[in-house]
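Colleague: Attaching a predicted model along with its sequence, questions to come.
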Amino acid sequence: MTNTPSGWAQQLLRHLKATRARLEAWQKPPADKSRTPQPDQPGGISRHLLTILAVFSLLYLWQSYREVREDEIPYSEFLRHVEEGNVADSLITDQVITGHLKPATPGAEPRDFITVPLANQELANTLQAKGVQYTVRYGSNWLGNFLFNWLLPMVVLFGLWSLMARRMSGPGGFLNMGRGRARIHAESSGQISFQDVAGALEAKQELRESIEFMRNPSRIQRLGGRMPKGVLLVGSPGTGKTLLARAVAGEAGVPFFNISAAEFIEMFVGVGAARVRDIFEQARQKAPCMIFIDELDAIGRARGGPVAMGGHDEREQTLNQLLTEMDGFDPSAGVVVMAATNRPEILDKALLRAGRFDRQIVVDKPGLEDRLAILELHTARITLGADVELRVVAQRTPGLVGADLANISNEAAIIAVRDNQDAVAMSHFEAAIDRVMAGPEKKSRALNETEKRRVAYHESGHALVAEIVPTGEPVHKVSIIPRGAAALGFTLQLPVEEKFLSTEPELRDQITILLAGRCAEELVLGCVSSGAWNDLEKASEIARAMVCQLGMNQNLGPMTYGKRQQLAYLNVESAEERNFGEDTARLIDAEVRGLIEEGHRHARDILTTHRDTLDAMARLLQEREVVSGEEIKQLIRGN
Ligand code: NHX
Ligand code: ZN
C-alpha cells in the first residue's frame, strides 16, 4: 500500500531508518576496518581546511580590532593636531573621523588615527580654549558598536557556515549524496542452506537452477542454455522470500548482498541511479555473487503519470538505471540478481521482460504440512512439553506465514518462562497463537457488568449461529477478554481443512454469522451498539463482492460491475471505475442490501429459536470469559 497515505508514512519511516542505519554504520566503522579517518572521505580533508580557515579568520579579526584600538585618539588631541598642522589627510563621517598624521621625522610611516567628533562645536571650542583633553563617545562607544555590528555577526555567520559545511560534507550530508560510494557488504551471518528453510518445496526446486549457475557459470553456457539473469520472488510478507534468497546464496557458496530498494530513493534526482551503478560495479568485481533487492516495488512501480514533487523523477531514473544495468551485464560474469516483492501487479512491465526479472517464483503462504515443518524448525531448540502437538498448532494457524509461526514459537517460550515452567506446554502455544492472531490481552480495559453482558451476548450470537448454520466453520473459541488495540471480544472459527474457494451458500452463511452478533444485542438488550461496525463492514464487503464480482445475483447476472483501475497519480492503489449506468447502480445497491437483510433475518430466526442456548452461552461466557468450541457444541446439544 505504498500509495496510500499510511503507505507514504511507512516509506518515509523506512527511509529514515535506512538513513539512520547508514549514519550509525559510519559512526561505528566495522571492526575489521581500522581506518577510522577515511582518507577518501571528503569530510577528512575539509575538517583540516576548516580549522585553518577558522584560525586565520579569527587572527585577522583580532588584529584589525587591536589596530583600531591603538589608533584611537581623543577628539581634543585630534583638534590639537589640526591646530599644529600634523594632520596629513582625514576622512570625516558623521560618526568618526579617520586619517593620517604627518610623520614626526621625515621618511617615517604616517600614523593612522581614528576619533569620534563632538557635535556641539561651541563646547568643543570652549574645551579646546581651556586646554581640556576630552574624548567623545556616542551611544555606548563606537568600539562596542563596531564589535556588535561587525565582529559579532561575522563570528556568528562564520560559526553557522562552518557548522553547515561540516553537516553537508559529513556522511549522508548532502554535499556527499551520490558522491560517497554506496558500499555493499556481503552478509557473513553464517551460511544458510535450504535445510534452514522449511516448506516452499516448489520454490526451492526452481531455485536450484540459479544455484547451479552460480556454482558453475560455464556449464550451462556450454550446453547452450541462456543464463537466468534475474529471479523475482513473489509472495505475501513474511513468507520467507529473503530467507530463500539467502539460502540460495548459501547453497551456492557465494557472497550475498542484501539491498532494500527503498534505500535507493533519495532526495535528489540521479543519486539513486548512481547507487545502482555503484552496486552493480562492485558486484561484478566480487562475482560470482548474488544481489538481493528487497521490496522491489519501491523503485519498480510502473512509470508514467505526472511528477509529484520530483519524487517520481528520482524513482524513474533509478528504475531506468536498474534496467540498464541488468541489460548490460554479461550473464557469464556470474552475478545473479534476485528481487522480492509482495505486489507484482504494480511492477513496471519492463522489469519482467526477458533478460531482466524474467524468472518469477511464487512463494505461497504455507499450507498445513508446510506450517508443521516450519514450526518444527522454529521449535528445534525449544524444550517442548509432552502434551505439545505441533500438528494441532499448525491446524490452528491457517493463513499465517513463516514469520508469524516464528513469532508464535518464540511467544510460547516466553510465556512458559513467565509461567516458571521447565518446558513449553500446549497451553502456552494456545496463548501465543491468540496473542499473535488477535493481539495481546488487555485486562485493564475493564468493562462494567452491563457492557460485559452485551459483549457476551454479541459473541454468543456469532458462536451460536456459526454452529447452527449449515456451512459455518466450527467454533474453536469464544472470548470476552479485551485484546489488542480496541477489540472487546472475539469468536474464533477454524476451518476443518484448507479451502481455496467459497461457494454461494457459504458466503451467505458468513454474512449471517457476521450479523448475528449485532442481532443478539438487538434481540436481548433491545438496542444495538457501536461495537459491531467491523462485522458490518466485512458483511457488506462480502455482499458487494457477491453482486459485483462473483456473479452470484439473479437480477444482475453472471457478470462483473466496476473495473479495477490503476491510478498511481491519485495516490490511490486502484479505484473502481463505474462502467454501468444509474439504474444498474441503484439495482446493485438494492441487491447488496437485500443480501444483508436476508442474513439479518436468518440470524434473527436462529437466535429466536435457540434463545435458551443463547442465554446459557452468554451466562457461561460472562462467568468464565473464555469458552471453548467443545463446550459450545455441548450446550447446543444439551438444549
Ligand atoms: C471502541 N471497541 O472502539 C471499542 C473499545 C461489539 C462486543 N469504542 O465484532 O470489539 O467497539 O465479534 C480487530 C481489532 C472491532 C478487530 C480491533 C473489531 C476493534 C468485535 C471495535 C465486539 N466481535 N468492537 C466483534 C469489538 C469496539 C473493533 C476489531 C477491533 C463488541 C467487537 C470494537
Ligand atoms: Zn462481532
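Modeller: Structure's in. What do you need? Ligands and ions are numbered 1, 2, ... in the order given.

Colleague: Residue of the stretch 301-450 of the chain closest to ligand 2, please.
Modeller: Ranking the residues of the stretch 301-450 of the chain by distance to ligand 2 (C-beta to the ion) places Ala438 first, at 12.6 Å. C-beta coordinates here come from the backbone N, C-alpha and C atoms, glycine included.

Colleague: How about Leu372, nearest residue that isn't a chain neighbour?
Modeller: Beyond its immediate neighbours in the sequence, the residue positioned closest to Leu372 (C-beta to C-beta, 6 or more residues apart in numbering) is Ala394, lying 4.3 Å away.

Colleague: Could you tell me how far Leu61 is located from ligand 2?
Modeller: Per C-beta to the ion, to the nearest Å, Leu61 is found 75 Å from ligand 2.

Colleague: Report the distance from the one helix or strand that residue maps to to the chain centre.
Modeller: Here Leu61, judged by DSSP states H and E, is contained in helix 42-71. Relative to the centre of its chain, helix 42-71 is centred 45 Å away, using C-alpha atoms, centre = their mean, to the nearest Å.

Colleague: before we move on, what about stretch 424-443?
Modeller: The chain centroid and the centroid of stretch 424-443 are separated by 27 Å, computed with C-alpha atoms, centre = their mean.

Colleague: got a list of contacts for that stretch?
Modeller: 379, 382-385, 387-389, 392-393, 396-397, 400, 404, 407-413, 415-416, 419, 421, 477, 479, 481-485, 487, 490, 492 (C-beta atoms under 8 Å, 6 or more residues apart in numbering).

Colleague: which among those end up buried?
Modeller: By neighbour count, with 16 or more other C-beta atoms under 10 Å, the contacts of stretch 424-443 hold 379, 384, 388, 393, 396-397, 400, 404, 407-409, 411-413, 415-416, 477, 479, 481-483, 487, 490, 492 as buried.

Colleague: Mind checking which of those are in strands?
Modeller: When these are checked against strands using DSSP state E, the ones located there are Lys477, Ser479, Phe490, Leu492.

Colleague: what's across from the third one in the sheet?
Modeller: Meaning Phe490. Here Phe490 sits in beta bridges with Ser479, as judged by DSSP bridges.

Colleague: Start the count at 17 instead of 1 going forward.
Modeller: Got it, the first residue is 17 from now on, which makes the last one we talked about Phe506.

Colleague: how about Leu388, what does it touch?
Modeller: Leu388 sits next to Leu406, Arg407, Ala410 when contact means C-beta under 8 Å, 6+ apart.

Colleague: do Phe373 as well
Modeller: By C-beta under 8 Å, 6+ apart, the contact list for Phe373 reads Lys245, Gly246, Val247, Leu248, Leu312, Met342, Val353, Ala355, Leu367.

Colleague: Chain neighbours aside, what residue packs nearest to whichever residue of the chain sits closest to ligand 1?
Modeller: Across the chain, no residue is closer to ligand 1 than Gly547, which sits at 2.4 Å (C-beta to the nearest ligand atom). For Gly547, the nearest residue in space outside its immediate sequence neighbours is Leu504; the separation is 6.2 Å by C-beta to C-beta, 6+ apart.

Colleague: That neighbour contacts Ala472, correct?
Modeller: No - here Leu504 lies out of contact with Ala472, judged by C-beta atoms under 8 Å, at a distance of 10.3 Å.

Colleague: what about the two, which has more around it?
Modeller: Ala472 (26 against 20; other C-beta atoms under 10 Å).

Colleague: Tell me if the host helix or strand of the more buried one is near ligand 1.
Modeller: Element membership for Ala472, per DSSP H and E: helix 465-484. Yes - for a cut-off given as C-beta under 6 Å from any ligand atom, helix 465-484 has contacts with ligand 1, namely Val471, His474, Glu475, His478.

Colleague: so who does the closest residue to the last one other than its chain neighbours touch?
Modeller: Residue nearest to His478 in three dimensions, not counting chain neighbours: Thr507, with 4.0 Å by C-beta to C-beta, 6+ apart. Thr507 makes contacts with Glu475, His478, Ala479, Ala482, Val491, Lys493, Val494, Ser495, Gly533, as judged by C-beta under 8 Å, 6+ apart.

Colleague: what's the farthest-apart pair in those?
Modeller: Farthest-apart pair in the contacts of Thr507 is Lys493 and Gly533; separation 15.2 Å (C-beta to C-beta).

Colleague: Can you get me a residue count around the residue of the chain found nearest ligand 2?
Modeller: Minimum separation of the chain from ligand 2 (C-beta to the ion) falls at Gly533, amounting to 3.4 Å. Applying other C-beta under 10 Å, we find 29 residues neighbouring Gly533.

Colleague: Ser644 too?
Modeller: Applying other C-beta under 10 Å, we find 14 other residues in the vicinity of Ser644.

Colleague: do Asn165 as well
Modeller: By the criterion of other C-beta under 10 Å, Asn165 has 11 neighbours.

Colleague: how far away is it from Val172?
Modeller: According to C-beta to C-beta, to the nearest Å, Asn165 and Val172 sit 12 Å apart.

Colleague: Repeat that for Ile390.
Modeller: Look at Ile390 and Val172: by C-beta to C-beta, they are 62 Å apart.

Colleague: Also Glu457?
Modeller: Taking C-beta to C-beta as the criterion, Glu457 is separated from Val172 by 57 Å.

Colleague: Look at Ile390 and Val172 and report which has more neighbours.
Modeller: Between Ile390 and Val172, counted using other C-beta under 10 Å, the more crowded position is Ile390 (28 against 10).

Colleague: just to revisit the earlier point, what's the overlap in contacts for Leu504 and Ala472?
Modeller: With contacts taken as C-beta under 8 Å, 6+ apart, the residues that reach both Leu504 and Ala472 are Ile496.

Colleague: Now do the strands in the stretch 317-466 of the chain.
Modeller: With strands called from DSSP state E, counting those that start in this stretch, the stretch 317-466 of the chain shows them at 351-357, 375-378.

Colleague: what's next to the longest one, contact-wise?
Modeller: Which is strand 351-357. 226, 229-230, 244-251, 257-258, 261, 264, 277, 296, 299-300, 303-313, 316, 342, 345, 363, 373.

Colleague: hmm, 6 Å instead?
Modeller: The set of residues external to strand 351-357 that reach it, using C-beta atoms under 6 Å, 6 or more residues apart in numbering, is 226, 230, 246-249, 257, 261, 299, 303, 306-310, 312-313, 373.

Colleague: Filter those down to just the ones in helices.
Modeller: In helices, judged by DSSP state H, the following of these are found: Ser226, Met230, Lys257, Ala261, Ala299, Asp313.

Colleague: which residues touch the fifth one?
Modeller: If you count contacts by C-beta under 6 Å, 6+ apart, Ala299 has them with Cys305, Ile307, Val351.

Colleague: Now do the buried residues in stretch 109-128.
Modeller: Val112, Ile113, Gly115, His116, Leu117, Arg127.

Colleague: can I get the CA coordinates of it in CSV?
Modeller: The C-alpha coordinates for stretch 109-128 follow below in CSV (Å, rounded to 0.1, in the frame of the first residue of the first chain):
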residue,chain,number,x,y,z
THR,A,109,31.8,61.0,8.5
ASP,A,110,29.0,61.9,10.9
GLN,A,111,30.2,59.1,13.3
VAL,A,112,34.0,59.0,13.1
ILE,A,113,37.0,60.8,11.7
THR,A,114,39.8,58.8,10.4
GLY,A,115,43.0,59.9,8.7
HIS,A,116,46.8,60.0,8.8
LEU,A,117,49.2,62.1,10.9
LYS,A,118,52.3,63.5,9.3
PRO,A,119,55.3,61.6,10.3
ALA,A,120,57.2,63.1,13.1
THR,A,121,60.5,62.6,11.3
PRO,A,122,60.7,62.8,7.5
GLY,A,123,60.7,59.4,5.9
ALA,A,124,58.9,57.6,8.8
GLU,A,125,55.5,55.9,8.3
PRO,A,126,52.5,58.2,8.6
ARG,A,127,50.5,57.3,11.7
ASP,A,128,46.8,56.2,11.4
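
Colleague: Now do that stretch: distance to the chain's middle.
Modeller: Taking the mean of its C-alpha atoms, stretch 109-128 sits 70 Å from the chain's own mean (C-alpha atoms, centre = their mean).
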